[in-house]
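Colleague: Sequence first, predicted coordinates after that:
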Amino acid sequence: MNTIQIKDKTFAVSIKEQDILQEVSRVAQEISRDLAGKNPLFLSVLNGSFMFAADLLKRITIPCEISFVKMASYSGTASTGAVKELIGLNEDISGRTIVIVEDIVDTGFTMQRMLEVLRTKNPAEIHIATLLVKPDKLAVDLDIEYAAMHIPNDFIVGYGLDYDGHGRNYKDIYIVVNEE
Ligand code: IMP
Ligand code: MG
């Protein structure tokens, strides 16, 4: 079996690059069809979505723009806990068609927070494009229009996704093995 070791965990190949790219191409076609004439602004959420964003944008066939943002945790008060803040958005997005480009929607809390922040800036519409969804973990109501793949509730790395900062460089997606 094709496995990799990252720190204390072993991972096995789960989704090959070729299969990832086939689904990324499908999503790119859907977006190009649905958002034609709207000059969408893609907002790639760093760090995890960098590889997906690159492969997706290469396959978008309509005029568009891309910018890169980050959801950064900062410590709130003891009662509020960690709150996520959007950083890096320099564009005026009012009246724009926005496509959020994410690596994975797990519980959905990060995406929900992102939508909340973006809506205060008056875009015309906001769409969600994510490489992966873990439907079993989704805890909030989100309209995920563009999802390349749905996966079970296991921890994965590769193709931009990390375990403790490592593993983003692999071209395939790997799933953790032997986890008790
Ligand atoms: P959410 O707020 O629970 O939806 O968390 C989303 C974030 O958690 C993603 O943007 C990832 O950074 C991280 N994440 C969730 N599941 C995984 C995984 O299986 N591997 C790597 N990162 C993950
Ligand atoms: Mg992420």
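Modeller: Thanks, I have the structure now. Numbering: from 1, shown residues only. Ligands and ions are numbered 1, 2, ... in the order given.

Colleague: who's in contact with the residue most central in space within the chain?
Modeller: Closest to where the C-alpha atoms of the chain average out (CA atoms, centre = their mean) is Glu102, at 1.3 Å. Glu102 sits next to Val45, Gly48, Ser49, Thr110, Met111, Ile128, Ala129, Thr130, Leu131 when contact means CB atoms under 8 Å, 6 or more residues apart in numbering. For the C-beta atoms, the positions are set from N, CA and C on the backbone; glycine is no exception.

Colleague: Could you pick out the longest helix of this protein?
Modeller: Assignment by DSSP state H gives helix 17-34 as the longest helix of the chain.

Colleague: Adjacent strands (with direction) for the very next helix or strand once past that helix?
Modeller: Counting by DSSP states H and E, the element after helix 17-34 in chain order, helix or strand, is strand 41-46. According to DSSP bridges, strand 41-46 forms sheet pairs with strand 65-75 (parallel), strand 97-105 (parallel).

Colleague: Check whether the helix or strand that comes right after the first one comes near ligand 2.
Modeller: Same thing as strand 65-75. Under the assignment DSSP H and E, the closest C-terminal helix or strand after strand 65-75 is strand 82-87. No. Using CB under 5 Å from the ion, strand 82-87 never reaches ligand 2; the gap is at least 10.6 Å.

Colleague: buried residues in strand 82-87?
Modeller: Across strand 82-87, burial judged by 16 or more other CB atoms under 10 Å covers Lys84, Leu86.

Colleague: burial count for Val45?
Modeller: Counted by other CB atoms under 10 Å, the residues lying close to Val45 total 23.

Colleague: Could you do Ile60 as well?
Modeller: Ile60, neighbours per other CB under 10 Å, totals 18.

Colleague: The helix or strand where Thr10 lies pairs with which strands, parallel or anti?
Modeller: Per DSSP H and E, Thr10 falls inside strand 9-15. Paired neighbours of strand 9-15 in the sheet (DSSP bridges): strand 3-6 (antiparallel), strand 173-177 (antiparallel).

Colleague: Outside of the first one itself, list whatever touches it.
Modeller: For strand 3-6, the surrounding residues in contact (CB under 8 Å, 6+ apart) are Thr10, Phe11, Ala12, Val13, Val157, Tyr163, Asp164, His166, Gly167, Tyr170, Tyr174, Val177.

Colleague: repeat for the longest one
Modeller: Contacts to strand 173-177, defined as CB under 8 Å, 6+ apart, come from residues 3-4, 9-15, 20, 154-159, 161, 163, 167.

Colleague: could I have it exported to CSV, CA atoms only?
Modeller: What follows is strand 173-177, C-alpha atoms only, in CSV (Å, rounded to 0.1, in the frame of the first residue of the first chain):
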residue,chain,number,x,y,z
ILE,A,173,-5.4,12.8,-0.9
TYR,A,174,-4.4,10.5,1.9
ILE,A,175,-6.5,9.1,4.7
VAL,A,176,-5.3,8.4,8.2
VAL,A,177,-4.9,4.7,9.1
